[in-house]
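Trainee: model the following, please.
(chains A and B)
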Amino acid sequence: MSTSHRKPAKPAHRGTHQDAAAKHHRDLLASMLLIRRFEERCVELYSAAKIRGFVHLYIGEEAVAAGVLDALGPVDTVVSTYREHGHALARGVPTDAVMAEMYGKATGCSRGRGGSMHLFDVGRRFYGGNAIVGGGIPLAAGLALAEKMRGGPGVVCCFFGDGAFAEGEFHETANLAVLWGLPLLLACENNLYAMGTPLRVEHGQTDLAMRAASYGMPAWAVDGMDVLAVEDAAHRAVEGIRAGHGPYFLELRTYRFRAHSMYDPDRYRDKAEIERWRARDPVVLLERRMRSAGELDDASYAELDRRCTDEVDRAVAAAEAAPVEPVSDLLRYVVTAAGDLPEAR
Amino acid sequence: MKTVTTTYREALREALREALSADDRVFLLGEDVGRYGGAFGVSLGLVEEFGPERVRDTPLSESAFVGTGIGAAVAGMRPVVEIMTVNFSLLALDQILNNAATLRHMSGGQLSVPVVIRMTTGAGRQLAAQHSHSLEGWYAHIPGIRVLAPATLQDARGMLAPALADPDPVVIFEHGSLYNVSGELTAAEGPLDISSAAVRRSGDDVTLVTYGGSLPKVLSAADLLAEEDISAEVVDLRSLRPLDDVTVMASVARTHRAVVVDEGWRTGGLAAEVSARITEQAFYELDAPVGRVCSAEVPIPYARHLEEAALPQAEDIAAAAREAVGHRG
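Mentor: Numbers count the residues shown, from 1 in each chain, chains lettered A, B, ... in the order given. Prediction:
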């Protein structure tokens, strides 16, 4: 439910509307807290060498995943980047399956073939973690083209970052998506750094929304730390796309509180800058707002937090106990073998 | 059986027309495939017949339109993507390698990528170094895709349907020198096999292994050799990935000599792969070292005499065969 489309409450129904809003806010908070607790656990597990590879944490950016994915339904499709734990969890990919993938286990959402950067859940229309910067954007356009050619109701949402905005694949696809009127939401997570390179060093013109608008699509910047602002923008964009207006672009201005990856010593950012952004922690912002509206108290927050922590605990325990894929299946899924074919689509 | 006189280009077009008619999920996209009729005229008339939604002109954005074809395939459509030349395909190599060939495995088998990507390859038309290379060997290096090289009218006509039926990505290389080749085409009985190599000419003294645009040159070389009482067997690989080792080894087991002819560069190329397989699998059948005839290691030049000198020619192939036959075991 989007704030801008919420009708003024009539006195007789005031209680109902307030309850609905409070519940919705609790859902958003729960979505963000689950991501936060999951990512914090990943830090511990990486340090303990339980999970390996490149691990890109989403801490600080939770409002983007929670807010944008709130606007999508089961008919819609998501394509994501290598910093996609948050997108997967907010899309409803089971926490167990995501954690097991970190562990490289057979129960992982990509059967241990993908790892942190390549989470897939085709049943939930979550088409991956793409680790080629910008590489998921043409793929998303193709998913959107199929939807359009078949006259389906779905919207395809493609997440990518400010780094991908410098890639030709973004610009080529933005043009093509406008030209063909594709039902595509281009959700640009501008966290101000392309790995270690600041936005101003990478882009001659740093107003990304303005540049996207030049392709002929609605595009605007959003406070990516405010989950209510994000969901409002996402709902408006998705409504426009579903109404047949072609692609929309959102520049979601956000910040990662942790380094680029677990591998990154983070030598290129000013500590004071990080602290300034931490003061606008998206989880805390919503928590404060809910407290002042009387929607949350210490007990209910603690309960919510405990539920998220428990869910992550259970996922870790399940991943620890899960089997690995047999090495005899190493070559499986490279090409389709008899019996491997998914149901005819 | 019905036989018609046609060209390689028309055979490809007829295959596209049949696919577009048979299956609503099939559509063609690429640069100038619609109003222009295709850079090499393959899709001429199809936009008038099937409309601009299904014969889709794209911007000059190889990565975007190839990736879009891949995404549409993931969503269950059956796109045929045309790329003007293999040199231009490098702009889309990210999508072909990192997405088309990879998504199935990387997702643990959750999805398929039934896309067909067609492109022109090869030299011989004085188009110089950015329109003339033979990079199909690079594509044949990639697990997760099937690579086909139709060299005959029958294959030009018949390979598309089984390629579209394949749940995995298929890349089809059409040699630019073949488009105008004309001849008799007999209607096929049933679907064409796209996994096997084919013996195009039987012989006893030496096996000439080749594919695509080199096949006519190799057949000419076999004619030259026949005048010298050297009987050459010609094997057309047809599928460059997977390779049909069985047909190649069976031929080598008969002739005991092999020369591999490939318009790609020699170093690290497809001919090296075929040669290595013969050495691995048929070493004790060989009466001579496996020979290779490849393009000179140079960006293909413009001037006709230089271009001809850079490419495998019938006389070069015949010379390599004579050398192989000269070795008596």
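Trainee: hey, let's count contacts and neighbours off CA atoms from now on
Mentor: OK.
Trainee: return the distance of B:R25 relative to B:Y179.
Mentor: Separation of B:R25 from B:Y179 (C-alpha to C-alpha, to the nearest Å): 27 Å.
Trainee: the more surrounded of those two?
Mentor: B:Y179 (21 against 18; other C-alpha atoms under 10 Å in any protein chain shown).
Trainee: tell me who's in contact with that one.
Mentor: Neighbour list for B:Y179: B:T7, B:Y8, B:R9, B:F40 [criterion: C-alpha atoms under 8 Å, 6 or more residues apart in numbering or on different chains].
Trainee: so which of those residues are in helices?
Mentor: The helices, defined by DSSP state H, take in B:Y8, B:R9 from those.
Trainee: in TSV: the contacts of B:Y179, plus distance to A:P323 and neighbour count.
Mentor: Formatted as TSV, these follow (distance: C-alpha to C-alpha, whole Å; neighbours: other C-alpha atoms under 10 Å in any protein chain shown):
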residue	distance to A:P323	neighbour count
B:T7	56	21
B:Y8	53	26
B:R9	53	23
B:F40	53	16
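Trainee: out of the contacts of B:Y179, which is nearest to chain A?
Mentor: Relative to chain A, the closest of those is B:F40; by C-alpha to the nearest C-alpha it sits at 23.4 Å.
Trainee: so which of the contacts of B:Y179 reach chain A?
Mentor: When C-alpha under 8 Å from any C-alpha of the partner chain is applied, no member of the contacts of B:Y179 is adjacent to chain A.
Trainee: from the contacts of B:Y179, which two are the most distant?
Mentor: Farthest-apart pair in these is B:T7 and B:F40; separation 12.6 Å (C-alpha to C-alpha).
Trainee: tell me which residue of chain A lies closest to chain B.
Mentor: For chain A, C-alpha to the nearest C-alpha, closest residue to chain B: A:G142, 3.7 Å.
Trainee: show me what the helix or strand harbouring that residue is packed up against.
Mentor: If you go by DSSP states H and E, A:G142 is part of helix A:136-149. Packing partners of helix A:136-149 (3 or more C-alpha pairs under 8 Å, 6 or more residues apart in numbering or on different chains; DSSP states H and E): strand A:77-81, strand A:156-161, helix A:168-180, strand A:184-190, helix B:62-74.
Trainee: please repeat the previous calculation with a cut-off of 6 Å.
Mentor: Counting contacts by 3 or more C-alpha pairs under 6 Å, 6 or more residues apart in numbering or on different chains; DSSP states H and E, helix A:136-149 packs against helix B:62-74.
Trainee: and the angle from the helix it packs on to helix A:168-180?
Mentor: With axes from the mean of the first three to the mean of the last three C-alpha atoms, to 10 degrees applied, the angle from helix B:62-74 to helix A:168-180 works out at 70 degrees.
Trainee: helix B:62-74 vs helix A:136-149, what angle?
Mentor: Between helix B:62-74 and helix A:136-149, the angle comes out at 50 degrees (the same axes, to 10 degrees).
Trainee: relative to helix A:136-149, how tilted is the following helix or strand past helix B:62-74?
Mentor: Note on helix B:62-74: by DSSP H and E, the next helix or strand toward the C-terminus is strand B:78-85. Counting by the same axes, to 10 degrees, strand B:78-85 points 130 degrees away from the direction of helix A:136-149.
Trainee: each with direction, which strands does strand B:78-85 pair with?
Mentor: Next to strand B:78-85 in the sheet, as set by DSSP bridges, lie strand B:26-30 (parallel), strand B:116-121 (parallel).
Trainee: buried residues, it. List them.
Mentor: Within strand B:78-85, the residues that count as buried by 16 or more other C-alpha atoms under 10 Å in any protein chain shown are B:R78, B:P79, B:V80, B:V81, B:E82, B:I83, B:M84, B:T85.
Trainee: again, but for stretch B:224-238
Mentor: Buried residues in stretch B:224-238 (16+ other C-alpha under 10 Å): B:L224, B:L225, B:I230, B:S231, B:A232, B:E233, B:V234, B:V235, B:D236, B:L237, B:R238.
Trainee: before we move on, what about stretch B:51-59?
Mentor: For stretch B:51-59, a neighbour-count test (16+ other C-alpha under 10 Å) marks B:P52, B:R54, B:V55, B:R56, B:D57, B:T58, B:P59 as buried.
Trainee: please name the nearest non-neighbouring residue to the third one.
Mentor: By the measure of C-alpha to C-alpha, 6 or more residues apart in numbering or on different chains, the closest residue to B:V55 outside its immediate chain neighbours is B:L28, 4.8 Å from it.
Trainee: and for the second one?
Mentor: Taking C-alpha to C-alpha, 6+ apart as the measure, B:R54 lies nearest to B:F27, with 4.5 Å between them; neighbours along the chain are not counted.
Trainee: on that earlier part again, name the nearest of the contacts of B:Y179 relative to A:D162.
Mentor: B:F40 (39.0 Å).
Trainee: circling back to that earlier point, beta partners of the residue nearest to B:R54?
Mentor: Judged by DSSP bridges, the bridge partners of B:F27 are B:P79.
Trainee: that one contacts B:V81, doesn't it?
Mentor: No. Counting by C-alpha atoms under 6 Å, B:F27 does not reach B:V81; the two are 8.4 Å apart.
Trainee: ok but B:S275 is inside a strand, no?
Mentor: No. B:S275 is assigned helix when assessed by DSSP: H, G, I helix; E, B strand; the rest coil, not a strand.
Trainee: show the contacting residues for it.
Mentor: Under the criterion of C-alpha atoms under 6 Å, 6 or more residues apart in numbering or on different chains, B:S275 has no contact partners.
Trainee: try 8 Å
Mentor: Contact partners of B:S275, counting by C-alpha under 8 Å, 6+ apart, are B:V260, B:V290, B:G291, B:R292.
Trainee: got the contact list for the residue nearest to B:V55?
Mentor: By C-alpha under 8 Å, 6+ apart, the contact list for B:L28 reads B:R54, B:V55, B:R56, B:P79, B:V80, B:V81, B:E82.
Trainee: mind listing what B:V235 touches?
Mentor: With contacts defined as C-alpha under 8 Å, 6+ apart, the neighbours of B:V235 are B:197-201, B:207-211, B:247-248, B:251.
Trainee: what's the closest of the residues you listed to B:Q126?
Mentor: Nearest member of those to B:Q126, counting by C-alpha to C-alpha, is B:Y211, at 21.0 Å.
Trainee: the closest one and B:D236 touch, don't they?
Mentor: Yes. Look at B:Y211 against B:D236 with C-alpha atoms under 8 Å: they come within range, at 4.9 Å.
Trainee: and the helix or strand hosting B:L164, what's buried?
Mentor: Taking DSSP H and E as the criterion, B:L164 maps to helix B:160-165. Judged by neighbour count (16+ other C-alpha under 10 Å), helix B:160-165 contains these buried residues: B:L160, B:A161, B:A163, B:L164.
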